[in-house]
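S.K.: just to be clear, the model below is a prediction. Sequence and coordinates:
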There are 2 protein chains.
Amino acid sequence: MNVEGKHYRTIWLKPGNEKTVQIIDQRPLPHKFVIEELKTVEDFEKAIKEMHVRGAGLIGATAGFGMYIAALEAGKENFEGFMQKAGERLKATRPTAVNLAWAVERQLEAMKKGKSPGEKIEIAFKTAKEIANEDAEYCKRIGEHGVKLIEEISERKKGEAVNILTHCNAGWLAFVDFGSATAPIYAAFDKGIKVHIWIDETRPRNQGARLTAWELAEQGVPHTVIADNTGGHLMQHGLVDLCIVGSDRTTRTGDVANKIGTYLKGLAAKDNGIPFYVALPSSSIDWDIRDGVKEIPIEEREPEEVKYIQGFCNGEMKKVLLTPEKSNAANYAFDVTPARLVTGLITERGICKASEEGILALFPEKK
Amino acid sequence: MNVEGKHYRTIWLKPGNEKTVQIIDQRPLPHKFVIEELKTVEDFEKAIKEMHVRGAGLIGATAGFGMYIAALEAGKENFEGFMQKAGERLKATRPTAVNLAWAVERQLEAMKKGKSPGEKIEIAFKTAKEIANEDAEYCKRIGEHGVKLIEEISERKKGEAVNILTHCNAGWLAFVDFGSATAPIYAAFDKGIKVHIWIDETRPRNQGARLTAWELAEQGVPHTVIADNTGGHLMQHGLVDLCIVGSDRTTRTGDVANKIGTYLKGLAAKDNGIPFYVALPSSSIDWDIRDGVKEIPIEEREPEEVKYIQGFCNGEMKKVLLTPEKSNAANYAFDVTPARLVTGLITERGICKASEEGILALFPEKK
């Protein structure tokens, strides 16, 4: 998508040096646009763990490229052992995102076909690019399917702006391009359908206020940032027509792990009869589990992310303390929205009910 | 309650000069403890509007003292007219809090009995102190009634800590003393019952992270600050035994206007079968209305309160920008939790169902 009018993806091979990967460092956004180079597995671990990159699809694509860089690092002796270990290191960086393990396994599986380390490196290179391209392509398709929901509401409202609430950043910054929750929004905007987006700021890391707002501003999509507390009130007063959020992991039964607070918006949407959709490429589906609340591990991050916040002041990033110094804080990164609160899933293959039956109708090979 | 071990109320007459009122300026808390003097009606307007003081009970008490200071300002000619206008000015500072109008009307009504401006000033002085003392007394009784709920859970848990979630600050800082939602907590703590409080930070103004956390820390009550997004996840996982929140305005049917985001916690409590209580002195009940969502006006504050946040950095308060400069923001200050989500109301007269029947059983004079 666009940054100051120029097209970018979130991750790419450095032009002229394909042994280096470049990413947008998302931490200083929206205040500064910084491109970072990743050259070692350690760089990749750090970039994922410390959230230079984040978001289901982008974490997967980064792990894909990380495995390629690991293959370059691996010596000829014990190549396999090194790659296994690199995969474990990458998988350990974030516990909730299923795409991470998925991308690592896909690389390990693909490399099995290589007869020599040289061939394996070739395969890892190709696979990393494939994972990234597929991610962008799947997001694009999510947009094509999801835009129909927005079109219908727009027609019903006779062209008046469709108000869409989203939580966190399931935008192009969370993927390689287009985004999941934002893909239908961008598709609608490009078709000239009037939309207005309510963006939950998404404490504690403010991915909504920082990233989604920045994306939409760069693209020119009308939007309003709100405190996470606000969505219920807006829904009670008819100010939300549709919710679209992303997912970090979805069970085969349609339970959705997404950024902490998503569950509360699912409850409010249900209580007010507002459609609540989750947009996700199928790479975020964990086919092995059925009960999201019981089975999905929820990452706990540092309390300091709650006690302090970073913002922009006089041209620089400043971290300020929000609580009494001596108070404790807890920082759960995700929650699970049970399938019963989800109106439907928007996937690269189409829209389905958030149920095992609905999902398997689109993905019969997973039966 | 205690500040560094010394007892304070939130508002009092200056010792030795009873024409001046002193308050705790709540804006620099928890980082600095500042006492401010209010000497003119304009000082009072500013203190309420700009939230040097806030919270249902304290706004009422401040308006009570403001009317007394107004009486001192009023000339002998057109005393009544001046007081009417002062009342209007004070009532216009915050639209949602019912205590504001309640305290102003109580002063105007009381002063009718005075035969001269001098007598009216005497009455206003006495009434202002009465309003403040009553507020503290009613909060104390709320504590005595509410503590029974905590005791029961503590017994059921065989003395294991009772986990209580609260939103915003319905603590002693929101009243004259004790608080509403915190009164049962302080009463339990004083009785040696083990409690642990989950404090919603309460964006955008962070009254939870700043004020409730500071109160509980000064009192020594174990607590953990969480992002507003977190409560649903905690409830899904059995980590909350009880919710207690305050109210800025409650209808005669039990709908509760409270800080934005309260409704979302009410929904989550209902969904997880967790008791959700609202603690309030009856001065916050608006006896004239029945449908909270339709009839309670919701204050919209400056978008800048969402876009910027204030915190402590290198010994001083700093304001930092959180969103893209050009993004819009919206700032609704309250929402309404329908009575169907409220397990009960804890009032100065006892605990009742959140229904007209329940409320009128405790307040039969309002039938």
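M.R.: Looks like it came in fine.

S.K.: pLDDT of the helix or strand harbouring residue A:99, averaged?
M.R.: Using DSSP states H and E, residue A:99 maps to helix A:98-111. In this model, helix A:98-111 has an average pLDDT of 95.

S.K.: centroid residue for chain A?
M.R.: residue A:55 (2.9 Å; C-alpha atoms, centre = their mean).

S.K.: what about the helix holding residue A:99, distance to the chain center?
M.R.: 17 Å (C-alpha atoms, centre = their mean, to the nearest Å).

S.K.: what residues does that helix touch?
M.R.: Contact with helix A:98-111 is made by A:48, A:56-57, A:59-61, A:63-64, A:67-68, A:71, A:83-84, A:87, A:90-91, A:93-94, A:120, A:123-124, A:126-128, A:131, A:248-249, A:283-286, as judged by C-beta atoms under 8 Å, 6 or more residues apart in numbering or on different chains. Quick note: C-beta positions are derived from backbone N, CA and C, even for glycine.

S.K.: now do the buried residues in it.
M.R.: For helix A:98-111, a neighbour-count test (16 or more other C-beta atoms under 10 Å in any protein chain shown) marks A:98, A:99, A:100, A:101, A:102, A:103, A:104, A:106, A:107, A:108, A:110, A:111 as buried.

S.K.: just put the residues you listed in a markdown table and tack on distance to residue A:135.
M.R.: Below are these laid out as a markdown table (distance: C-beta to C-beta, whole Å):
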| residue | distance to residue A:135 |
| --- | --- |
| A:98 | 14 |
| A:99 | 9 |
| A:100 | 13 |
| A:101 | 15 |
| A:102 | 11 |
| A:103 | 9 |
| A:104 | 15 |
| A:106 | 12 |
| A:107 | 14 |
| A:108 | 18 |
| A:110 | 16 |
| A:111 | 19 |
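
S.K.: ok, back up a step: are any of the contacts of helix A:98-111 buried, and which?
M.R.: Looks like these have A:48, A:56-57, A:59-61, A:63-64, A:67-68, A:71, A:83, A:87, A:90-91, A:93-94, A:120, A:123-124, A:127-128, A:131, A:248-249, A:283-286 buried, using 16+ other C-beta under 10 Å.

S.K.: ok, now which ones touch the residue nearest to the centre of chain A?
M.R.: Counted by C-beta under 8 Å, 6+ apart, residue A:55 has contacts A:169, A:170, A:171, A:173, A:174, A:175, A:246.

S.K.: which one of those residues is nearest to residue B:75?
M.R.: residue A:169 (59.6 Å; C-beta to C-beta).

S.K.: does any bit of stretch A:339-359 sit next to chain B?
M.R.: No - using C-beta under 8 Å from any C-beta of the partner chain, stretch A:339-359 stays clear of chain B, with a minimum separation of 8.8 Å.

S.K.: correction: stretch A:306-318
M.R.: Yes - under the criterion of C-beta under 8 Å from any C-beta, chain B is reached by stretch A:306-318 at A:306, A:307, A:308, A:309, A:310, A:311, A:312, A:313, A:318.

S.K.: report the distance from the strand ranked longest in chain A to the chain centre.
M.R.: In terms of residue count, the longest strand belonging to chain A (DSSP state E) is strand A:17-25. Centre-to-centre, strand A:17-25 and its host chain are 20 Å apart (C-alpha atoms, centre = their mean).

S.K.: mind listing what it pairs with, with the direction of each?
M.R.: strand A:11-14 (antiparallel), strand A:34-38 (antiparallel) (DSSP bridges).

S.K.: in the first one, what counts as buried?
M.R.: By neighbour count, and taking 16+ other C-beta under 10 Å as the criterion, the buried residues in strand A:11-14 are A:11, A:12, A:13.

S.K.: how far is that strand from where the chain is centred?
M.R.: On C-alpha atoms, centre = their mean, the centre of strand A:11-14 falls 18 Å from that of its chain.

S.K.: from the rest of the structure, what touches that strand?
M.R.: A:20-24, A:37, A:53, A:58, A:61-62, A:65, A:129, A:132, A:176.

S.K.: for stretch A:136-156, list the C-alpha coordinates in CSV.
M.R.: The C-alpha trace of stretch A:136-156 is given here as CSV (Å, rounded to 0.1, in the frame of the first residue of the first chain):
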residue,chain,number,x,y,z
ALA,A,136,-0.4,-10.6,-0.2
GLU,A,137,-2.5,-12.5,-2.7
TYR,A,138,-4.8,-14.0,0.0
CYS,A,139,-5.3,-10.6,1.6
LYS,A,140,-6.3,-9.2,-1.8
ARG,A,141,-8.9,-12.0,-2.2
ILE,A,142,-10.2,-11.3,1.4
GLY,A,143,-10.8,-7.8,0.1
GLU,A,144,-12.7,-9.0,-2.9
HIS,A,145,-15.0,-11.2,-0.8
GLY,A,146,-15.4,-8.8,2.1
VAL,A,147,-16.2,-5.7,0.0
LYS,A,148,-19.6,-7.3,-0.8
LEU,A,149,-20.6,-6.9,2.8
ILE,A,150,-19.8,-3.2,2.7
GLU,A,151,-21.5,-2.8,-0.6
GLU,A,152,-24.7,-4.2,0.7
ILE,A,153,-24.8,-1.9,3.7
SER,A,154,-23.9,1.1,1.5
GLU,A,155,-26.9,0.3,-0.8
ARG,A,156,-29.2,-0.1,2.2
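
S.K.: contacts for it?
M.R.: So stretch A:136-156 is contacted by A:9, A:57, A:160, A:162, A:164, A:172, A:175-180, A:183-188, A:191, A:193-195, A:241-242, A:244, A:275, A:277, A:279-283, A:346-351 (C-beta under 8 Å, 6+ apart).

S.K.: for PyMOL, what selects the buried ones among those?
M.R.: Filtering these down to the buried ones (16+ other C-beta under 10 Å) takes a single PyMOL command:
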select buried, chain A and resi 9+57+162+164+172+175+176+177+178+179+180+183+184+185+186+187+188+193+195+241+242+244+275+277+279+280+281+282+283+346+347+348+349+350+351
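
S.K.: picking that back up, could you dump the strands paired with strand A:17-25 to TSV with distance to residue B:292 and mean pLDDT?
M.R.: Output for these, formatted as TSV (distance: least, C-beta to C-beta, whole Å; pLDDT from 0 to 100):
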stretch	distance to residue B:292	mean pLDDT
strand A:11-14	49	98
strand A:34-38	47	97
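
S.K.: go through those and name the closest to residue A:262.
M.R.: Per C-beta to C-beta, nearest to residue A:262 of the strands paired with strand A:17-25: strand A:11-14, 24.7 Å.

S.K.: residue most distant from the centroid, chain A?
M.R.: Chain A, farthest from centre, C-alpha atoms, centre = their mean: residue A:77 at 36.4 Å.

S.K.: of the contacts of strand A:11-14, buried ones?
M.R.: Buried among the contacts of strand A:11-14 by 16+ other C-beta under 10 Å: A:21, A:22, A:23, A:24, A:53, A:58, A:61, A:62, A:65, A:129, A:132, A:176.

S.K.: export those residues as JSON lines, with columns for pLDDT.
M.R.: Formatted as JSON lines, the buried ones among the contacts of strand A:11-14 follow (pLDDT from 0 to 100):
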{"residue": "A:21", "pLDDT": "98"}
{"residue": "A:22", "pLDDT": "98"}
{"residue": "A:23", "pLDDT": "98"}
{"residue": "A:24", "pLDDT": "98"}
{"residue": "A:53", "pLDDT": "97"}
{"residue": "A:58", "pLDDT": "97"}
{"residue": "A:61", "pLDDT": "97"}
{"residue": "A:62", "pLDDT": "98"}
{"residue": "A:65", "pLDDT": "98"}
{"residue": "A:129", "pLDDT": "98"}
{"residue": "A:132", "pLDDT": "98"}
{"residue": "A:176", "pLDDT": "97"}
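
S.K.: nearest to residue B:2 among those?
M.R.: residue A:53 (46.5 Å).

S.K.: what's the spacing between that closest one and residue A:341?
M.R.: 29 Å (C-beta to C-beta, to the nearest Å).

S.K.: can you give me the buried ones in the longest helix anywhere in chain A?
M.R.: Across chain A, the helix with the greatest residue count (assigned by DSSP state H) is helix A:117-156. Residues A:117, A:120-121, A:123-125, A:127-129, A:131-132, A:134-136, A:138-143, A:145-147, A:149-151, A:153-154 are the ones in helix A:117-156 that count as buried (16+ other C-beta under 10 Å).
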